[in-house]
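Novice: Here is my input; please provide its structure:
(2 chains)
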2 protein chains.
Amino acid sequence: MSFERKLQLATDFYQLSMGNVYYLDDKKEQIAVFDLFIRKNPCGSGYTLVAGLEQIIDYIENLKFDEEDIQLLRENHPEFNEDFLEYLRNFSFSGEIYAIPEGTVVFPNEPIIRVKAPLIEAQLIETTMLTIINHQTLIATKASRVVYAAEGDSVLEFGLRRAHGPEAGLFGARAAIVGGCAATSNVETEYITGLPSKGTMSHSFIQSYNCELDAFRTYAKYNPDNLILLVDTYNTLESGIPHAIEVFKELREKGNLQKGYGIRLDSGDLAYLSKQARKMLNEEGFHDAIISASSDLDEHLIKDLKLQGAGINLWGVGTKMITSYDCPALGAVYKLSQIEDGEIKPKIKISNDAIKITNPGYKKVIRFYDKDTHKALADLIALDHEVIAEDKPLVIFDPIHTWKKRVLSNFYIKELLVPIFVNGKKVYNSPSVEQIRAHAQEQKSTLWEEYQRLINPQIYHVDLSVKLWNLKQELIHRGDH
Amino acid sequence: MSFERKLQLATDFYQLSMGNVYYLDDKKEQIAVFDLFIRKNPCGSGYTLVAGLEQIIDYIENLKFDEEDIQLLRENHPEFNEDFLEYLRNFSFSGEIYAIPEGTVVFPNEPIIRVKAPLIEAQLIETTMLTIINHQTLIATKASRVVYAAEGDSVLEFGLRRAHGPEAGLFGARAAIVGGCAATSNVETEYITGLPSKGTMSHSFIQSYNCELDAFRTYAKYNPDNLILLVDTYNTLESGIPHAIEVFKELREKGNLQKGYGIRLDSGDLAYLSKQARKMLNEEGFHDAIISASSDLDEHLIKDLKLQGAGINLWGVGTKMITSYDCPALGAVYKLSQIEDGEIKPKIKISNDAIKITNPGYKKVIRFYDKDTHKALADLIALDHEVIAEDKPLVIFDPIHTWKKRVLSNFYIKELLVPIFVNGKKVYNSPSVEQIRAHAQEQKSTLWEEYQRLINPQIYHVDLSVKLWNLKQELIHRGDH
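Specialist: You can find the predicted model right below:
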């Protein structure tokens, strides 16, 4: 029996436990507003690239509890009221969701997803949304950094075997493509990206033949259009590359050498070996041979190899990207910002740590662009009903160090949140993964290089509108949380 | 439309690319032996706890390519031969698999899974097996360390929202239970573990009420048997704990205070706050109140908090365990060790790094136990046909520093690999997750504390039999790889 996934139960038990109480305590009609946002860019990045919305939409559209689920919950949790279980049996999401589209650059504290729904529904979807967005956004951002380091060379995603299970491999690869990877080795992604997966051979392929040259020749015979030969099975410089060159020569003589041919290095010192390989290939006239490399690569190692003049022009990145090894979790949170029970009550969560105090109310995110350069200038989190005039200068200020002021002028604005669900109905169609990748590319082109630097990037300004800031202060001082 | 998983394609493209060549080059009858093993214990651990076998079995039993898959491959990969696609359409695994059962303690270089199958089949299952075992084994080992640090206190798995997607959350939680966690917050696990999920309330629950006391009272009203009150929403010592005590008193007066009640700390200094909490609770006679804590915990922080006398007796561990944050990937590999094409050819993969040279042949793993203490003494990797006499002393030696010798006596042995598939048929039934957890507990009890130390543990001996060592040397010196 193959285990059937039950995504509707991929949640923390407390969502159900609270739901039961809300239901019994007659709070099920209460409307709540929640914001999903990050507190920190991952991996020391100057920005975060959103990914995962398509899967969240899919989850919410299909969110139902079947008879088997109800029976399971009844047996394992005798405290659940039968009326609450009946409510779950008839559940479907009825609320409103706005979100920032995938591939958009975002920054800490900006609502990436804004949910306005009956409290009980808004809670039920919290954990799964967080899990999906935390994962894909993390990997998309990591991939974006790797691609940045590759300076225009293609990057291939090779990490499936080190992913946190097959699904993490699948959606991690999807996110890597959003982040700018050219392709992935993961075949299952073909169903969700429409792009062919890539790869050629492993060491065992070569070992299964009596000699390396036989293995190369045989592979070339059946794959003239996809001929990247793995050269480090025995000895890269003394055996692998000379044998590859021999095969390339044979093909060239017969006029069968197709564009895109080359070699792959998978161990040893990649700077030294790739420079030697380039020299050996060039000496035989194979100037256009690809030199690809894979071996524990990440953005920092790629940058260093490039600085050392490595001859690599195709990068296969596995473990370090698919797990975001140096920062393997993104901590997006989901916080209550408003309750409506007859009257509208904006809510904040207080903390001794100023940056952990949440922003109250029903909000939107505005990005300011320079009219001449089209570069992003700053973002503003404002109350949803606020109107920003584009034709006059605007003073913005740091929400914590309020004496830090800045005047924006010559700008146009864009609102980042778009409607996804209205009255429980989906009103948004996800673009293709290729379109999302193109959008991400365009988004990054609006960011000054200073925000994209791999280490210690400049901090992008995300300020609060005067109205929002005043509301927040009022709630803090009133002690009304 | 909900996306349907296609686990049969959760593989690296090169497995198919090589399969196509094997098929066309008439190598499809060639039998290969592959070993799946780790090279290093994760997280600085002295051992590794195997997990994921049940999901691997499920994957292999159900491994089929449907019409839609064939069409997708045909369109995206014109190099695939129609006969090969036909072969895939009729594919089912026909080989033999031996594996070390889940919950068993293993060490570097030991075959955890041994596959003997037609080359093409053995390759097709490589990536998915690695992905599953790398993930679950990593998290089980991490969890085992966290549970060790908790010194007998219960540990709850709380990490779903920070997992690498819902599936990583599900099977990560399963692995955490294998590693010794008492329970998880992840509701979906109830389907695969049979254990109820756990949890009570979030900050938003409390915020949705007009005051903390109302929220606590309401929760208590509907959950007398599951009453862990979250006390840090406003002010832990001045508001949260006093309000919790008020509710506990009200329940006690009515005789409604049920065992298992207590509080949860989710922020602030957990050592200080838990000691204060213990004092405040004890002063009111609530000596048996549970004090649970969650907030970026891992094995090292738990150990430190215990050293500082924290009053915590229930630990909720999230991000750091579900992602194995300090070591988020396990690098198990899958290496060819034998090819049979008419004659039997053991294979090794050479490397400049001695510990990266693989072990050739069709092998088994033997564990030696002391007859008196029942502690594990050492492991031996041997050729499958070798017989070890239990009634006389055995000299074992380090396979790299061969002058390091040791005499084993007064021992009994156990072979670790058991049959899972024979001639493509499943011959093994996975135990329940609870049984696996019990097995893991028993396994760890056979390890001296020195191997379980969290930092810089003693290295357990895994040696090679004389016959295997000789075979390896012969292949190295013959240059026959």
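
Novice: ok, A:Lys371 touching A:Phe411?
Specialist: Yes - taking Cβ atoms under 8 Å as the definition, A:Lys371 is a contact partner of A:Phe411 at 6.3 Å. Placement of C-beta: from N, CA and C, glycine included.

Novice: give me every residue that touches A:His300.
Specialist: Listed by Cβ atoms under 8 Å, 6 or more residues apart in numbering or on different chains, the contact partners of A:His300 are A:149, A:454.

Novice: Remind me which helix or strand it belongs to.
Specialist: helix A:299-307 (DSSP states H and E).

Novice: Excluding its own residues, what touches the helix or strand just after that helix? List them.
Specialist: The helix or strand immediately downstream of helix A:299-307 is strand A:314-317, counting by DSSP H and E. Strand A:314-317 has contacts (Cβ under 8 Å, 6+ apart) with A:146, A:150, A:153-159, A:181, A:185, A:262, A:264, A:290-294, A:297-298, A:302.

Novice: Check stretch A:417-429 too.
Specialist: Outside stretch A:417-429, the residues that touch it by Cβ under 8 Å, 6+ apart are A:53, A:57, A:60-61, A:92-101, A:111, A:114, A:364-365.

Novice: how many neighbours does A:Lys64 have?
Specialist: 13 (other Cβ atoms under 10 Å in any protein chain shown).

Novice: So A:Ala51 sits against A:Ile132, correct?
Specialist: No - counting by Cβ under 8 Å, A:Ile132 is not a contact partner of A:Ala51; they are 9.1 Å apart.

Novice: what about these two, which has more around it?
Specialist: Per other Cβ under 10 Å, whichever of A:Ala51 and A:Ile132 has more neighbours is A:Ala51, with 32 against 25.

Novice: What strand or helix carries the more buried one?
Specialist: Per DSSP H and E: A:Ala51 is located in neither a helix nor a strand.

Novice: For it, give me the pLDDT.
Specialist: With respect to pLDDT, A:Ala51 scores 98.

Novice: A:Ile476 is in what secondary structure piece?
Specialist: Here A:Ile476 sits within helix A:466-478, counting by DSSP H and E.

Novice: Between A:Lys371 and A:Phe411, point out the one with more neighbours.
Specialist: Ranked by neighbour count (other Cβ under 10 Å), A:Lys371 and A:Phe411 place A:Phe411 first, with 19 against 11.

Novice: Contact partners for that one?
Specialist: Shown in contact with A:Phe411 (Cβ under 8 Å, 6+ apart): A:368-371, A:377, A:390, A:394.

Novice: One more pass at 7 Å, please.
Specialist: Contact analysis of A:Phe411 by Cβ atoms under 7 Å, 6 or more residues apart in numbering or on different chains lists A:368-371, A:377, A:390.

Novice: Same question for A:Lys27.
Specialist: Neighbour list for A:Lys27: A:119, B:208 [criterion: Cβ under 7 Å, 6+ apart].

Novice: what's the spacing between it and B:Ile350?
Specialist: Distance of A:Lys27 to B:Ile350, given as Cβ to Cβ, to the nearest Å: 68 Å.

Novice: any idea which element the residue of the stretch 201-350 of chain A found nearest chain B lies in?
Specialist: Residue nearest to chain B within the stretch 201-350 of chain A (Cβ to the nearest Cβ): A:Pro328, separated by 3.6 Å. When secondary structure is defined by DSSP H and E, A:Pro328 falls outside every helix and strand.

Novice: surely it meets B:Tyr325?
Specialist: Yes - between A:Pro328 and B:Tyr325 a contact is recorded at 5.8 Å, counting by Cβ atoms under 7 Å.

Novice: neighbour count winner among the two?
Specialist: Using other Cβ under 10 Å as the criterion, A:Pro328 and B:Tyr325 rank with A:Pro328 on top: 25 against 19.

Novice: Strands of the stretch 351-481 of chain A, start to end?
Specialist: For the stretch 351-481 of chain A, the strands defined by DSSP state E, counting those that start in this stretch occupy A:363-370, A:376-383, A:394-397, A:405-408, A:411-415, A:418-422, A:425-426, A:462-464.

Novice: Now mean pLDDT too, for those, in JSON lines please.
Specialist: JSON lines is the format used below for the strands of the stretch 351-481 of chain A (pLDDT from 0 to 100):
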{"stretch": "strand A:363-370", "mean pLDDT": "98"}
{"stretch": "strand A:376-383", "mean pLDDT": "98"}
{"stretch": "strand A:394-397", "mean pLDDT": "92"}
{"stretch": "strand A:405-408", "mean pLDDT": "92"}
{"stretch": "strand A:411-415", "mean pLDDT": "97"}
{"stretch": "strand A:418-422", "mean pLDDT": "98"}
{"stretch": "strand A:425-426", "mean pLDDT": "98"}
{"stretch": "strand A:462-464", "mean pLDDT": "96"}
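
Novice: Kindly reformat the ones you listed as a markdown table and extend each row with distance to B:Arg74.
Specialist: Formatted as a markdown table, these follow (distance: least, Cβ to Cβ, whole Å):
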| stretch | distance to B:Arg74 |
| --- | --- |
| strand A:363-370 | 44 |
| strand A:376-383 | 44 |
| strand A:394-397 | 56 |
| strand A:405-408 | 55 |
| strand A:411-415 | 43 |
| strand A:418-422 | 35 |
| strand A:425-426 | 33 |
| strand A:462-464 | 49 |
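
Novice: Kind regards, and thank you for your time.
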